[in-house]
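K.L.:
Build the 3D model from these lines:
(2 chains)
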Protein chains: 2
Amino acid sequence: MRQWIQAGRGFSVKSKGYHVAIVGATGAVGTQMLSILEQRQFPIEKLTLLSSARSAGQTLRYNDQDITIQEATPDKFQGVDIALFSAGGSISKKLAPAAVEHGAIVIDNTSAFRMDEGIPLVVPEVNEKDLHDHNGIIANPNCSTIQMVVALEPIRQALGLKKVVVSTYQAVSGAGKNAIDEMKEQSQSILNNEEPKAQILPVKSAERHFPIAFNAVPQIDVFDENGYTFEEMKMINETKKIMHMPELKVAATCVRLPVETGHSESVYIEVEKEGKTVSDIHNLLEKAPGIVLQDSPQDQLYPMPSTAAGKLEVFVGRVRQDLDEKNGYHMWIVSDNLLKGAAWNSVQIAESLIKLELV
Amino acid sequence: MRQWIQAGRGFSVKSKGYHVAIVGATGAVGTQMLSILEQRQFPIEKLTLLSSARSAGQTLRYNDQDITIQEATPDKFQGVDIALFSAGGSISKKLAPAAVEHGAIVIDNTSAFRMDEGIPLVVPEVNEKDLHDHNGIIANPNCSTIQMVVALEPIRQALGLKKVVVSTYQAVSGAGKNAIDEMKEQSQSILNNEEPKAQILPVKSAERHFPIAFNAVPQIDVFDENGYTFEEMKMINETKKIMHMPELKVAATCVRLPVETGHSESVYIEVEKEGKTVSDIHNLLEKAPGIVLQDSPQDQLYPMPSTAAGKLEVFVGRVRQDLDEKNGYHMWIVSDNLLKGAAWNSVQIAESLIKLELV
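P.N.:
Okay, the predicted model is just below:
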């Protein structure tokens, strides 16, 4: 766990501690937020854990203290400085305005406000400065977007970015704890030569459900009218917003895999400047914040979900020049979708707010 | 199993039956070849099953007969009309010339001769006519190449093909029966909270092995000096050869998944003609041989390994226009890697040879 403290840009503990609230504290991301706040020794004066009525009354451990979870209601944000939301879009829409009214800065991990004008959508390695424009709510991007923009930003800065085509290999934990349980039960059924049962994936509320165990499902979230899924449109629109490049060509195909944690992405890019070598790209990636380069084919060194899970960084490997396009490159990007893809990016935004004296 | 008889272009049984040999009869692909020959009622007068010395003496069932497997040696090809090879490249290199000397036509499922000049590399839906130029050996392409060119050929014919970027999601059965067993054992270990053992994947002879269960491994076959894997270079070079388009831009990233059977591919293409709609592409795919269109997002209808395994066709779905390029399209292609990707394409070549009176 030491790596968590060493990762990122570091931040100095202020004399003042903050009143931090986590909304959705018992969820897959909420528990990771709690864990990261502790590992990062985040300057907390008071911690308020909020959840649905169902989980209220339970306790969670933080810094050797048991903290009782309360039901998330508008009045619970009194005195809160920073509210980390990760309890679904409808809860954010209902409660984030109340939290802001009480004077809190909301860092929202749902898609509720991401594309709203006036709401910064922030990955600190890419657009930390957008935090200056916040009006109380800051949106945390989609997991699959975050790891991609972290890897592409140093290349964009140095070489200019024209086009991105990404195919994702996404883990089940992005769909919550129940989806993980379902995948494990399905796996055991198939190993026992029994019929697997499917009730959650690809989308809980959808009409049809398919086993994810030993399968690959090309649907994450529901379908838009244009044939893309919402997940694919999130990657496309969020990437343009975060990079302030409405003209950037971005296309995405999002696929769910039988992996518990760790999203992978096969990314093809075209840049403005021609003729850069793989080693030029390596140099850019190695110097950039939040990235670990794992790219030595002859040593079979490349990122995988199994080695990225539990770590804060974005891992990049398999960097290759396109064999036809002088400005084309391919790469393989892996990161823990619950950490950099969610909990860690949210806490990192909170650290940036402190550093920039915005809270 | 009825679908096997109905699939493909059909062929009429000649009065003459053929002496058919299978080299590698006990392997993952060899057993499928035997099964397809039976299902297709292939006109067999005599069937010779060959394998390594280790499996010789065992029997395999064909049309209610037990057939004793013999050790594959050069003298076993006497009188053989058609020899289906799937026992690894080194066996093909050693024994295919002997088979040809004895008058057999070799259909080779390994990579031994695929890129050799004068050796046709054939997917009947795409370049059946190349069979006329054979000199005794016909190569069966790589599994991931076959399903892609079947899906792209009708588009190439109607709209012209300029560029292909593919990311694969490949099943473990492509690495043989032992790899499937390993994946299952690893899965059970992980479900039991035990450490998984890895000795086969990604490449048996390589120095390092990684668990494939609940993971995604961006290495299939060994690495070329240019940073691409041999699997990726196979897709690139074979696609150009099969389509007779040395100028075609093709790029591939090949990834192994914890799926038993069924390769999936996320494919981005650019065509010559601009402005075609998704429904134009659907029409082309629906009329083309060997393809089943499964593309109705609102009904959650799209191809998956779980529904494609055991079937002969190539399944295509998730067809979308690129949002930036007027001549760009995305699609999702799935097929059984042991059937259309190997055994069925080989038998299909044999059927084409009969139809074209080349055997």
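
K.L.:
going forward, measure contacts and count neighbours with C-alpha atoms only.
P.N.:
Will do.

K.L.:
Let me see the contact set for the closest residue to chain B within the stretch 251-359 of chain A.
P.N.:
Closest approach of the stretch 251-359 of chain A to chain B (C-alpha to the nearest C-alpha) occurs at A:Val259, with a separation of 4.3 Å. Going by C-alpha atoms under 8 Å, 6 or more residues apart in numbering or on different chains, A:Val259 touches A:170-172, A:305, B:214-216.

K.L.:
Which secondary structure element is home to it?
P.N.:
Using DSSP states H and E, A:Val259 sits in no helix or strand.

K.L.:
Also A:Ile67?
P.N.:
strand A:65-68.

K.L.:
Parallel or antiparallel, list what pairs with the helix or strand that that strand is followed by.
P.N.:
Going down the chain from strand A:65-68, the next helix or strand is strand A:70-71, by DSSP H and E. Sheet pairing here is set by DSSP bridges, and for strand A:70-71 it gives strand A:44-51 (parallel).

K.L.:
Give me the distance from the helix or strand following the strand it pairs with to the chain's centre.
P.N.:
Downstream of strand A:44-51, the next assigned helix or strand under DSSP H and E is strand A:59-62. On the basis of C-alpha atoms, centre = their mean, to the nearest Å, strand A:59-62 sits 23 Å off its chain's mean C-alpha point.

K.L.:
Also stretch A:231-244?
P.N.:
That offset, for stretch A:231-244, works out to 13 Å (C-alpha atoms, centre = their mean).

K.L.:
Dump that stretch to CSV, keeping only the CA atoms.
P.N.:
Once non-C-alpha atoms are left out, stretch A:231-244 reads as follows in CSV (Å, rounded to 0.1, in the frame of the first residue of the first chain):
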residue,chain,number,x,y,z
GLU,A,231,-20.5,4.0,-22.7
GLU,A,232,-19.0,4.5,-26.2
MET,A,233,-20.5,8.0,-26.5
LYS,A,234,-19.2,8.9,-23.0
MET,A,235,-15.6,8.0,-24.1
ILE,A,236,-16.1,10.1,-27.3
ASN,A,237,-17.6,13.2,-25.7
GLU,A,238,-15.7,13.2,-22.5
THR,A,239,-12.3,12.9,-24.2
LYS,A,240,-13.1,15.9,-26.4
LYS,A,241,-14.3,17.9,-23.3
ILE,A,242,-11.3,17.0,-21.1
MET,A,243,-8.8,17.8,-23.8
HIS,A,244,-10.7,20.9,-24.9
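
K.L.:
Can you list the neighbours in contact with that stretch?
P.N.:
Identification of contacts with stretch A:231-244 by C-alpha under 8 Å, 6+ apart yields A:114-115, A:121-123, A:126-127, A:141-142, A:144-145, A:149, A:153, A:220-222, A:246-248, A:250-254.

K.L.:
I'd like the contacts of A:Val259 laid out as JSON lines, including secondary structure, neighbour count and pLDDT.
P.N.:
Listed next are the contacts of A:Val259 as JSON lines, based on DSSP: H, G, I helix; E, B strand; the rest coil; neighbours: other C-alpha atoms under 10 Å in any protein chain shown; pLDDT from 0 to 100:
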{"residue": "A:Gln170", "secondary structure": "strand", "neighbour count": "30", "pLDDT": "98"}
{"residue": "A:Ala171", "secondary structure": "coil", "neighbour count": "26", "pLDDT": "98"}
{"residue": "A:Val172", "secondary structure": "helix", "neighbour count": "28", "pLDDT": "98"}
{"residue": "A:Pro305", "secondary structure": "helix", "neighbour count": "26", "pLDDT": "98"}
{"residue": "B:Phe214", "secondary structure": "coil", "neighbour count": "27", "pLDDT": "98"}
{"residue": "B:Asn215", "secondary structure": "coil", "neighbour count": "25", "pLDDT": "98"}
{"residue": "B:Ala216", "secondary structure": "coil", "neighbour count": "29", "pLDDT": "98"}
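
K.L.:
What pLDDT is listed against the residue lying closest to A:Glu272 once chain neighbours are set aside?
P.N.:
In space, and not counting its chain neighbours, A:Glu272 is closest to A:Gly160: 4.9 Å by C-alpha to C-alpha, 6 or more residues apart in numbering or on different chains. Note on A:Gly160: pLDDT of 98.

K.L.:
With the one 3 residues further on instead?
P.N.:
On pLDDT, A:Lys163 comes in at 98.

K.L.:
repeat for A:Lys16
P.N.:
At A:Lys16, the pLDDT value in this model is 71.

K.L.:
quick one: the helices in the stretch 151-300 of chain A?
P.N.:
A:177-191, A:230-242, A:278-287 (DSSP state H, counting those that start in this stretch).

K.L.:
Report whether the longest one contacts chain B.
P.N.:
Yes: Helix A:177-191 comes into contact with chain B (C-alpha under 8 Å from any C-alpha of the partner chain), by way of A:184, A:187-188, A:191.

K.L.:
What of the shortest one?
P.N.:
No: contact between helix A:278-287 and chain B, assessed by C-alpha under 8 Å from any C-alpha, is absent, since the two come no nearer than 9.3 Å.

K.L.:
on contacts alone, who are the packing partners of that helix?
P.N.:
Using 3 or more C-alpha pairs under 8 Å, 6 or more residues apart in numbering or on different chains; DSSP states H and E, the elements in contact with helix A:278-287 are helix A:143-159, strand A:291-293, strand A:314-321.
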